[in-house]
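Enquirer: predicted model, plus sequence, below.
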Number of protein chains: 2
Amino acid sequence: MTFPTDRIGDTSGRDPAASSGGPGLPRRISTGQILRAAETVFASSGFGGATMAAIADAASLPKANLHYYFGSKEALYRAVLEDILSTWLADADVWIVAERTAREGLEGYIRAKMAWNRSRAEASRIFAGEMLAGGAHIKHFLNVELRAHVTRMETVFAHWIAAGAMRPISTQHLLFCIWAMTQSYADFAPQMESVLGRTDGLEAVDYALGCETILSLVLGGSGAVAVAGTYR
Amino acid sequence: MTFPTDRIGDTSGRDPAASSGGPGLPRRISTGQILRAAETVFASSGFGGATMAAIADAASLPKANLHYYFGSKEALYRAVLEDILSTWLADADVWIVAERTAREGLEGYIRAKMAWNRSRAEASRIFAGEMLAGGAHIKHFLNVELRAHVTRMETVFAHWIAAGAMRPISTQHLLFCIWAMTQSYADFAPQMESVLGRTDGLEAVDYALGCETILSLVLGGSGAVAVAGTYR
DNA sequence: GTCTATAGTAAGATAGAC
DNA sequence: GTCTATCTTACTATAGAC
């Protein structure tokens, strides 16, 4: 993917701060501040609702600096998305691999996804918001990277199913379900807080119980673990 | 809940169109046009990204009419939300009732939720967007109506669990999972389209297979139906 | 009730001093 | 590289003719 942040290279040779702490240090500090602030503001207001002024305030920098580093609101948004997408696929490569058992792989993947959505709730919300808006900014990611990623995972699932470690269910839709359930603990937190009576955000026990519930459904429903007892 | 649309009553006696097809007919026609257009625009752009001009265009009406009927963008948004929330709770009262079996109730509820999310995908996206933004506009719905609704459903689940028709899992989190999975077929459609290689929207078979997958996980994972065969 | 024209304001973006 | 001041546009909202 190519993003406006690529123009970082354009300034070589005219960075006066390069002598005070390493090459492009102030730039890295400022862009980092801006990206973090932008993630917070885009997460709570959406792309349309966010303003450069609000992001500048959150970053404790003048508005002009945002344009200096990122060019436009649109470009800043793309840079934030880029940051998010680069970590979105990581967990699967660790857990959904043929060397693991179905149970171990699915459990590890779900726990990793839950942890990601909890620690990067704002990133999760930006990703969700982009999807709600049609995903136009991340079409390449969805059509190329994500699709290849899923194709690879499917071969592992096929292996597990052939080995009798999983029921023959649609592994594409299984993934959609896992993503939906884990993401909802970031994206739909207000709903959960109301239902659970939490006035100060979800608590550790909520994430834990949520994770166990998701594991019950996925592992039990996919046949990766036997459901204890007789129910009907 | 009280919303600006309540001022519909304020105009009694000064509606010149009352004589051409019933009381307030033009008003009902215009407000209906506006609400439908607003749902489309708010769904694809979010509250902040939507503009009154875009909604007016979609409704084929001048911008001023929107303000005449709804007062402000904020009030129009609340009216749209009100419209959505009034139908969100309906399915549970039909399906999650003690007179049904766990299997029948859960299956009917999930199928109904899938149908709602498919037929009212834009409404689903607005609801999701509102949640991403923190849910400030629907706090009363979440804290009062939804919470009471869940409390009632929990008594039915407790009944099913006591009867040995379901495993003793967290029924609150079970609901979160069901909502997350069914909603994602509206909210995350772009992601699914990319993975499934659909260039022209999700197809009927996708919703059907998604529904079966969710049913497998929920019914199998909750113990409401036995998982056929031996897997491990 | 409907619509055009416009007021008033807020937002994205830039110029230019330092 | 940083920041203040400002340009320009686009938006919400309203006034007032019809």
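Expert: Received the coordinates, thanks. Numbers count the residues shown, from 1 in each chain, chains lettered A, B, ... in the order given.
Enquirer: any chance you could map the helices in chain A?
Expert: Ranges of helices in chain A, per DSSP state H, are A:25-49, A:52-59, A:63-70, A:73-88, A:90-95, A:102-119, A:121-132, A:139-140, A:147-162, A:171-187, A:189-196, A:204-215, A:221-222.
Enquirer: so for the second one, what gets flagged as buried?
Expert: Which is helix A:52-59. A:52, A:54-56, A:58-59 (16 or more other CB atoms under 10 Å in any protein chain shown). No exception for glycine: its C-beta is placed from N, CA and C like everyone else's.
Enquirer: repeat for the longest one
Expert: Of the residues in helix A:25-49, those buried under the neighbour-count criterion (16+ other CB under 10 Å) are A:27, A:30-31, A:33-49.
Enquirer: show me what it is packed against.
Expert: With contacts defined as 3 or more CB pairs under 8 Å, 6 or more residues apart in numbering or on different chains; DSSP states H and E, helix A:25-49 has these neighbours: helix A:52-59, helix A:63-70, helix A:73-88, helix A:121-132, helix B:25-49, helix B:121-132.
Enquirer: circling back to that earlier point, out of the helices of chain A, deepest packed?
Expert: helix A:221-222 (a mean of 28; mean count of other CB atoms under 10 Å in any protein chain shown).
Enquirer: and chain B, is that one touching that?
Expert: Yes: counting by CB under 8 Å from any CB of the partner chain, contacts between helix A:221-222 and chain B involve A:221-222.
Enquirer: closest to DNA strand C among the buried residues of helix A:52-59?
Expert: Distance to DNA strand C across those (CB to the nearest atom of the strand) is lowest for A:Met52, with 3.5 Å.
Enquirer: ok, which residues in chain A are in contact with DNA strand C?
Expert: By CB under 7 Å from any atom of the strand, the residues of chain A that approach DNA strand C are A:50-53, A:63-64, A:67, A:71-74.
Enquirer: swap in 6 Å and give it another go.
Expert: Residues of chain A found near DNA strand C (CB under 6 Å from any atom of the strand) are A:51-53, A:63-64, A:67, A:72-74.
Enquirer: taking those together, which two end up most distant?
Expert: Greatest spatial distance among those (CB to CB): A:Ala64 and A:Glu74, at 16.8 Å.
Enquirer: adding distance to B:Ser170, write the helices of chain A out as TSV.
Expert: Shown next, in TSV, are these (distance: least, CB to CB, whole Å):
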stretch	distance to B:Ser170
helix A:25-49	27
helix A:52-59	36
helix A:63-70	43
helix A:73-88	27
helix A:90-95	24
helix A:102-119	15
helix A:121-132	21
helix A:139-140	37
helix A:147-162	27
helix A:171-187	13
helix A:189-196	10
helix A:204-215	5
helix A:221-222	16
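Enquirer: what pLDDT does A:Arg232 get?
Expert: According to the prediction, A:Arg232 has pLDDT 67.
Enquirer: show me where pLDDT drops low in chain A?
Expert: A:1-23, A:232 (pLDDT under 70).
Enquirer: so what's the residue of chain A most remote from its centre up against?
Expert: The C-alpha centroid of chain A is most remote from A:Thr230, which lies 37.7 Å away (CA atoms, centre = their mean). If a contact means CB atoms under 8 Å, 6 or more residues apart in numbering or on different chains, then A:Thr230 has B:164, B:226 as its contacts.
Enquirer: ok, it to A:Met181 distance?
Expert: Separation of A:Thr230 from A:Met181 (CB to CB, to the nearest Å) stands at 26 Å.
Enquirer: cool, and A:Ala228?
Expert: 21 Å.
Enquirer: same deal with A:Glu122?
Expert: In terms of CB to CB, A:Glu122 sits 19 Å off from A:Met181.
Enquirer: my guess is A:Lys113 contacts A:Cys177. True?
Expert: No: contact between A:Lys113 and A:Cys177 fails when scored by CB atoms under 8 Å: they sit 11.6 Å apart.
Enquirer: A:Met192: which of the residues of chain A next to DNA strand C is nearest?
Expert: A:Thr51 (28.6 Å).
Enquirer: count of residues packed around the closest one?
Expert: 14 (other CB atoms under 10 Å in any protein chain shown).
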